[in-house]
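**Q** This is a predicted model, with the sequence first.
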Amino acid sequence: MDEKDRLILSLLEEDCRVPPATLGDMVDLKEEEVRERISVLENEGIIKKYIACIDWEKAGEGVVAAIIELKVSPERDYGYDKIAERISRHKQVRSVRLISGAYDLEIMVNGKNIHEITRFVAEQIAPMEQIRETGTILIMKTYKENGLEFFERKTGERLPYSF
């Protein structure tokens, strides 16, 4: 991977809908060269997925999100990997991370309401043998996600600036 690949990755991370011809202009490559590089990056698993960042609140859908912190007993020879993989398989789980601090794993989950999240933790996560403790943090409002701000600004509106 070279500097042009890194630049292509940065541009795709910002907006994955940029056409290869436009990317080529931005990184000084021909469209076909960009397509080939992207194909290699996909085949090597560097580009994992192209996704849309959706404001579900604005779309009128009732989605409740929560961060669940977990204290976990690591498994011999596998550490946290097996339990993290097992947790990842649940459709409600958006992300699973190994973290430092008081807890070991952090999972982000979505549900239709608080009760659905509560049931998920109580019935699916807490009973797992390796789970020693859970802590649930409800997400009240999202202001920025995946680099995208969710603020409503009027056209031409500027943020206050002071010294």
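**A** Noted; the coordinates are in hand.

**Q** From now on I want contacts and neighbour counts done on CA atoms only, so please keep to that.
**A** Noted.

**Q** Go ahead and flag the most central residue of the protein.
**A** S95 (6.1 Å; CA atoms, centre = their mean).

**Q** Parallel or antiparallel, which strands does the one helix or strand that one maps to pair with?
**A** Here S95 sits within strand 93-98, counting by DSSP states H and E. With DSSP bridges as the test, strand 93-98 is paired with strand 105-111 (antiparallel).

**Q** Check the average confidence over the strand it pairs with, would you?
**A** In this model, strand 105-111 carries a mean pLDDT of 97.

**Q** okay, it in PDB with CA atoms only?
**A** Output of strand 105-111 as PDB, limited to C-alpha atoms (Å, rounded to 0.1, in the frame of the first residue of the first chain):
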ATOM      1  CA  LEU A 105     -15.600  -5.100  26.500                       C
ATOM      2  CA  GLU A 106     -17.900  -2.300  25.300                       C
ATOM      3  CA  ILE A 107     -20.800  -3.200  23.000                       C
ATOM      4  CA  MET A 108     -23.100  -0.800  21.100                       C
ATOM      5  CA  VAL A 109     -26.600  -2.100  20.700                       C
ATOM      6  CA  ASN A 110     -29.800  -0.800  19.000                       C
ATOM      7  CA  GLY A 111     -33.400  -1.700  19.900                       C
END
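
**Q** Can you tell me what sits against it?
**A** 63-72, 84, 92-99, 117 (CA atoms under 8 Å, 6 or more residues apart in numbering).

**Q** Fine, thanks again, bye for now.
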